[in-house]
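*Asks:* Quick one, structure for this:
(2 chains)
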2 protein chains.
Amino acid sequence: MLDEKILNVLRHSKDSYVSGEELCKLAGISRAAIWKHIEKLRLEGYEIEALPHLGYKLIAIPDSLIPSEIKWKLKTKVFGRSVISYRKVDSTNIVAYELAEKGMKEGAVILADEQAKGKGRHGRHWSSPSKGGIYMSCILRPSIAPNEISRITLLAAIAVAQAIRDVASLEVTIKWPNDIMIDHKKLCGILTEMKAEQDRVDFVVLGIGINVNIPMKQLPKGAASIKEELRHRGEKIGLSRVELTKKVLERLEEYYNLMKVEGFEPIIEMWKGLSAMIGSRVKVSLRGKTFEALAHDIDPDGALVVRTESGVLEKISSGDVIMVR
Amino acid sequence: MLDEKILNVLRHSKDSYVSGEELCKLAGISRAAIWKHIEKLRLEGYEIEALPHLGYKLIAIPDSLIPSEIKWKLKTKVFGRSVISYRKVDSTNIVAYELAEKGMKEGAVILADEQAKGKGRHGRHWSSPSKGGIYMSCILRPSIAPNEISRITLLAAIAVAQAIRDVASLEVTIKWPNDIMIDHKKLCGILTEMKAEQDRVDFVVLGIGINVNIPMKQLPKGAASIKEELRHRGEKIGLSRVELTKKVLERLEEYYNLMKVEGFEPIIEMWKGLSAMIGSRVKVSLRGKTFEALAHDIDPDGALVVRTESGVLEKISSGDVIMVR
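*Replies:* Predicted coordinates for the structure are as follows:
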């Protein structure tokens, strides 16, 4: 906490130096102790100039998914107010699930710069190279029944899609239920896990993996990264992972509150607006059988309604759906 | 395992003695080692006579929820093939959930003679006095989506109700979704917990608490026990917890396999046959509001369909339902 206090004093003073004496007074600790905290901040990636007689000046901040960066000017009340960051972890979802079981509050966020065993849906692997992506898991405690879990999934998809549009100005779309796509390539995956009783969700862990600054050669087949997409558009530098993470948290909170007040309908409407799927041909893999159909609508439970070749409307609430080009 | 082997030799020889020498040969260990195993079995509650020159004889078996008793002549292939027993545990559901997360197989059963923090639905407490009840949690790994979880809950209810009818000959009924009742008093509660992705259940922990030999004064308000009910009918001794546990496991496996092959429909039919609810007046507490209605049917998802005062059919998939006398 003292690190963050010292850091924020330096942030506020921008281009001018803050004397060691001043920092001592503000933090209520010795000069030697201040020096230790400065060294710790440097290890986290902050560039801090230290000049005799003048004091300390913040030169550069790291694009690291650390609490001090995420919380700085974050416009939320609940989401991301509690942040735990790892340089490397097996899976942020596993950590978040364990913490949720121990009672961790709604809105708490687990972040990692790298995942050794990133989890995708249905036990699949999620490629999570170091510092290239956002690997985050958020704990939610919604008052819903397990059969309403799609609400959270669809809500998360629009929050992430909108956040990417806000920050990167890329025209991403959503593939049902919750993949974020660009040019038919996957930019982001969302894994919703929950603990529930038969009629009541205990908690949800919302895992979000976004390929931000991952170079082409590190991307799995069929995947895209924001950096590569920006490069195609002539932009040479990648995107701030910190800025995008903050925007995702802000959008999540916004839509979560919206749903609490207005229900699921506005979420479905937004989802449809951000999805390129409705009206297009899809291939559905469901319990071993595969068939082509027309994506017709999203029903009030969040299920995908497709029109089969024979004209019948069928409701898909699980299984894989691929868009046919 | 050696304990069980020795025990089963003694069981098979019934009224005759088995010499120490014989046991040594069968178990492949020394006389002194045999003695140690006999002592261990005695600590578990087995009465074993030991006479010089004659050998050992099994006099009495304990009504203890221990693996050797549960597995003895158990007619299942999966349910209860793996049993872990505790004298006392906080909650068998908590233990089973942790083991399921670590990959424990379907059909594994956690049993306890007493629970310090027995769990009921919605964070409620489940009274679990020592040796008076069956406190069991069973791990299931069904291929279902979270919105199909009611199938497991209703299936468990019919398995337990039928098992009690089989063993105790009491005309118990089911109150939606899964309380087992006798004379409007609760005899058994079922707590279904699961870990799931949005469209796929990872595992289910089926918690079953049955008031077997609990005396009146230890029963919570509105609760009944099998022993007290049998006493009303003039039977002075209680019921074997071991026998009932085995029957529950056998019925669970039977109906679980039935559902796999024939689907949910026969389960609903059986549920209706064992329920005193359909056709009777109920009081529904749902999201803060309470209203009276007529229990009309169970729908194909396992939800209760009620007819309200105004004649409208309403689907109840969560909330509390009380039968109006």
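*Asks:* Is the most centrally placed residue in chain A in a helix, a strand, or coil?
*Replies:* Using C-alpha atoms, centre = their mean, the residue of chain A that lies closest to the mean C-alpha position is A:Ile208, 4.5 Å off. Secondary structure state of A:Ile208, per DSSP: H, G, I helix; E, B strand; the rest coil, is strand.
*Asks:* My understanding was that it contacts A:Val248; is that so?
*Replies:* Yes. The pair A:Ile208 / A:Val248 is scored as a contact, 6.7 Å apart, by C-beta atoms under 8 Å. From N, CA and C alone the C-beta is placed, and that goes for glycine too.
*Asks:* Show me the contact partners of stretch A:210-228.
*Replies:* A:127, A:129, A:131-134, A:160, A:164, A:168, A:170, A:180-183, A:185-188, A:238-239, A:241, A:244, A:248 (C-beta atoms under 8 Å, 6 or more residues apart in numbering or on different chains).
*Asks:* what's near enough to touch the residue in the stretch 201-325 of chain A that chain B sits nearest to?
*Replies:* Per C-beta to the nearest C-beta, A:Ser318 is where the stretch 201-325 of chain A lies closest to chain B, at 3.2 Å. A:Ser318 makes contact with A:Leu286, B:Ala145, B:Gln198, B:Asp199, B:Arg200 under the criterion C-beta under 8 Å, 6+ apart.
*Asks:* Compute the distance between it and A:Gln162, please.
*Replies:* Distance, A:Ser318 to A:Gln162, by C-beta to C-beta, to the nearest Å: 25 Å.
*Asks:* hang on, the earlier thing: any chance of the contacts of A:Ser318 in a markdown table with secondary structure, neighbour count and pLDDT as columns?
*Replies:* Shown next, in a markdown table, are these (DSSP: H, G, I helix; E, B strand; the rest coil; neighbours: other C-beta atoms under 10 Å in any protein chain shown; pLDDT from 0 to 100):
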| residue | secondary structure | neighbour count | pLDDT |
| --- | --- | --- | --- |
| A:Leu286 | strand | 15 | 79 |
| B:Ala145 | coil | 19 | 91 |
| B:Gln198 | coil | 27 | 90 |
| B:Asp199 | coil | 22 | 89 |
| B:Arg200 | strand | 15 | 93 |
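*Asks:* which one of these is nearest B:Ser85?
*Replies:* B:Arg200 (31.1 Å; C-beta to C-beta).
*Asks:* which residues does the closest one contact?
*Replies:* When contacts are counted by C-beta under 8 Å, 6+ apart, B:Arg200 touches A:His122, A:Ser318, B:Ala145, B:Pro146.
*Asks:* what's the third one sitting at in phi/psi?
*Replies:* Comment: the main-chain dihedrals of B:Ala145 come out as phi -90, psi 160, following degrees, to the nearest 10.
*Asks:* C-terminal to the top helix by length along chain A, what's the next element?
*Replies:* Criterion DSSP state H: the longest helix present in chain A is helix A:241-262. Beyond helix A:241-262 on the C-terminal side, the first helix or strand identified by DSSP states H and E is helix A:265-274.
*Asks:* which secondary structure elements does that next one contact?
*Replies:* helix A:149-168, strand A:173-175, helix A:241-262, strand A:289-298 (3 or more C-beta pairs under 8 Å, 6 or more residues apart in numbering or on different chains; DSSP states H and E).
*Asks:* Just the local confidence number for the residue of the stretch 1-150 of chain A found nearest chain B, please.
*Replies:* Closest contact between the stretch 1-150 of chain A and chain B, by C-beta to the nearest C-beta, is at A:Asn147 (3.5 Å). Reading off the confidence values, A:Asn147 has pLDDT 88.
*Asks:* Ok, A:Lys272 next?
*Replies:* Looking at A:Lys272, its pLDDT is 93.
*Asks:* what's the nearest residue to it if we skip its chain neighbours?
*Replies:* A:Ile278 (5.8 Å; C-beta to C-beta, 6 or more residues apart in numbering or on different chains).
*Asks:* list the contacts for the one you found?
*Replies:* For A:Ile278, the contact set (C-beta under 8 Å, 6+ apart) comprises A:Lys272, A:Ala295, A:His296, A:Asp297, A:Ile298.
*Asks:* Next one: the residue in chain A sticking out farthest from the centre, what pLDDT does it get?
*Replies:* Using C-alpha atoms, centre = their mean, the residue of chain A lying farthest from its centre is A:His53. It sits 42.9 Å away. A:His53 carries a pLDDT value of 88.
*Asks:* now do A:Ile6
*Replies:* pLDDT at A:Ile6 comes out at 90.
*Asks:* repeat for the one 4 residues further on
*Replies:* Reading off the confidence values, A:Leu10 has pLDDT 91.
*Asks:* Can you classify it by secondary structure?
*Replies:* helix.
*Asks:* Isn't it up against A:Ile59?
*Replies:* No. Taking contacts as C-beta under 8 Å, A:Leu10 lies outside contact range of A:Ile59: 9.7 Å.
*Asks:* who has more neighbours, these two?
*Replies:* Set side by side, A:Leu10 and A:Ile59 show more neighbours around A:Leu10, with 23 against 10, by other C-beta atoms under 10 Å in any protein chain shown.
*Asks:* Spell out which residues sit in contact with the nearest residue to the more buried one once chain neighbours are set aside, please.
*Replies:* Leaving aside its sequence neighbours, A:Leu10 sits nearest to A:Leu58 (C-beta to C-beta, 6+ apart; 4.0 Å). Listed by C-beta under 8 Å, 6+ apart, the contact partners of A:Leu58 are A:Leu7, A:Leu10, A:Arg11, A:Ser13, A:Lys14, A:Tyr46, A:Glu47, A:Ile48.
*Asks:* give me that answer again for 7 Å
*Replies:* Neighbouring residues of A:Leu58 by C-beta atoms under 7 Å, 6 or more residues apart in numbering or on different chains: A:Leu10, A:Arg11, A:Tyr46, A:Ile48.
*Asks:* Show me which of those are buried.
*Replies:* Among these, the ones that count as buried by 16 or more other C-beta atoms under 10 Å in any protein chain shown are A:Leu10, A:Tyr46, A:Ile48.
*Asks:* Could you check how far the first one is from A:Arg42?
*Replies:* Summarising the geometry, the distance separating A:Leu10 from A:Arg42, computed by C-beta to C-beta, is 12 Å.
*Asks:* Please apply the same query to A:Leu54.
*Replies:* Counting by C-beta to C-beta - A:Leu54 and A:Arg42 are separated by 17 Å.
*Asks:* Can you classify A:Lys75 by secondary structure?
*Replies:* With three-state DSSP as the criterion, A:Lys75 reads coil.
*Asks:* Which per-residue confidence value corresponds to the nearest residue to it once chain neighbours are set aside?
*Replies:* Nearest in space to A:Lys75, with sequence neighbours left out and distances taken as C-beta to C-beta, 6+ apart, is A:Glu250 at 5.3 Å. What the model reports as pLDDT for A:Glu250 is 98.
*Asks:* A:Glu250 - how many residues pack around it?
*Replies:* Other residues lying near A:Glu250 total 19 when counted by other C-beta under 10 Å.
*Asks:* Kindly report the same for A:Gly279.
*Replies:* Counted with other C-beta under 10 Å, residues neighbouring A:Gly279 total 11.
*Asks:* Return the residues in contact with the closest residue to it other than its chain neighbours.
*Replies:* Counting by C-beta to C-beta, 6+ apart, A:Gly279 lies nearest to A:Ala295, which is 6.6 Å off, once chain neighbours are set aside. If a contact means C-beta under 7 Å, 6+ apart, then A:Ala295 has A:Met277, A:Ile278, A:Gly279, A:Ser280, A:Val282, A:Leu304, A:Val306 as its contacts.
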